[in-house]
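> The sequence and its predicted three-dimensional model are supplied below.
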Amino acid sequence: MEERWQLYDEQGRAIAGLGASKQDVFGKGLLHGGAHVWIWRNVNDGVEVLLQKRSATKQTWPDVYDISAAGHIDLGEQPIAAAVRETAEEVGISSEPSRFIHAGVYREHMVAPNDAIENEFQWLYVLQMPQFAEFTQREAEVAALDWKSLFDFKTEVLGSDAPQDYVPHGRLYYETVIAAIERAANEG
């Protein structure tokens with residue numbers, strides 16, 4: 001059975017019972033949803049962020065760094081359920097929905113190098129993991145998992161040059177994610 005992604009209206013509300021295939025979503029630029037989970041941890045010298053290097057076989061932005069775990073929201077699925085599901089599928093971490101801190105909803109419209117259109121609402125979450133948590137990556141989607149200090153990550157994605165090694169989500173997107181991680185780290 002073909003996977004169908006939930007479609008949304010311009011206000012970010014799911015359109016009940018309306019979904020589309022990956023091919024239609026990317027080809028026609030249909031407004032859909034994604035769940036983005038940024039995993040972080042405290043270490044002796046500060047905060048680190050888990051980056052996923054996308055597989056070389058990914059349709060959009062292969063071989064570059066991106067969100068710790070992310071995916072599209074299936075027809076009828078809630079954003080938090082997609083976040084929990086994708087975290088388990090991509091990095092092998094099962095976690096209760098209550099551990100995911102909602103960082104906001106970001107609207108993004110961009111065209112990938114292969115002309116796939118990403119026109120989506122992105123529900124952003126941050127998730128703290130213990131220092132020695134172990135991950136198992138889904139090789140079809142994830143080429144590598146790498147920890148990077150929050151300072152270095154911030155410098156790279158918010159620097160004056162567009163970061164070539166990252167999916168180009170844009171400055172506001174990265175500022176939102178970094179601020180959410182910093183808030184969570186300061187509260188914990």
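Cool, got the structure.

> going forward, measure contacts between C-alpha atoms and count neighbours the same way
Will do.

> Which stretches in this protein count as helices?
Applying DSSP state H to the chain gives helices spanning 22-28, 79-91, 150-158, 171-187.

> Can you report how many residues lie near Ala144?
17 (other C-alpha atoms under 10 Å).

> right, and it touches Leu50 too?
No - contact criterion C-alpha atoms under 8 Å: Ala144 and Leu50 do not qualify, at 10.2 Å.

> Excluding residues flanking it in the chain, which one is nearest the residue most central in space within the chain?
For the chain, the residue nearest the mean C-alpha position is His36 (2.8 Å; C-alpha atoms, centre = their mean). Nearest non-adjacent residue to His36, counting by C-alpha to C-alpha, 6 or more residues apart in numbering: Ala70, 4.4 Å away.

> Tell me the buried residues in stretch 135-146?
137, 141-145 (16 or more other C-alpha atoms under 10 Å).

> I'd like these as TSV, with distance to Asp152 and pLDDT appended.
TSV is the format used below for the buried residues of stretch 135-146 (distance: C-alpha to C-alpha, whole Å; pLDDT from 0 to 100):
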residue	distance to Asp152	pLDDT
Gln137	23	81
Glu141	24	81
Val142	21	88
Ala143	21	90
Ala144	18	92
Leu145	16	94
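
> Report the two of those residues separated the most.
Pairwise distances across those peak at 11.1 Å for Glu141 and Leu145 (criterion: C-alpha to C-alpha).

> Looking at Asn2 now. What's its pLDDT?
Wrong residue type there; residue 2 is Glu, not Asn. Listed pLDDT for Glu2 reads 79.

> go on, Ala162?
What the model reports as pLDDT for Ala162 is 66.

> just to revisit the earlier point, relative to Arg4, which of the buried residues of stretch 135-146 is nearest.
Glu141 (18.4 Å).

> so the closest one makes contact with Gln59?
No - if you go by C-alpha under 8 Å, Glu141 and Gln59 don't touch, sitting 9.9 Å apart.

> returning to what we had before: the residue nearest to the centre of the chain: what's it in contact with?
His36 makes contact with 67-71, 83, 122-125, according to C-alpha atoms under 8 Å, 6 or more residues apart in numbering.
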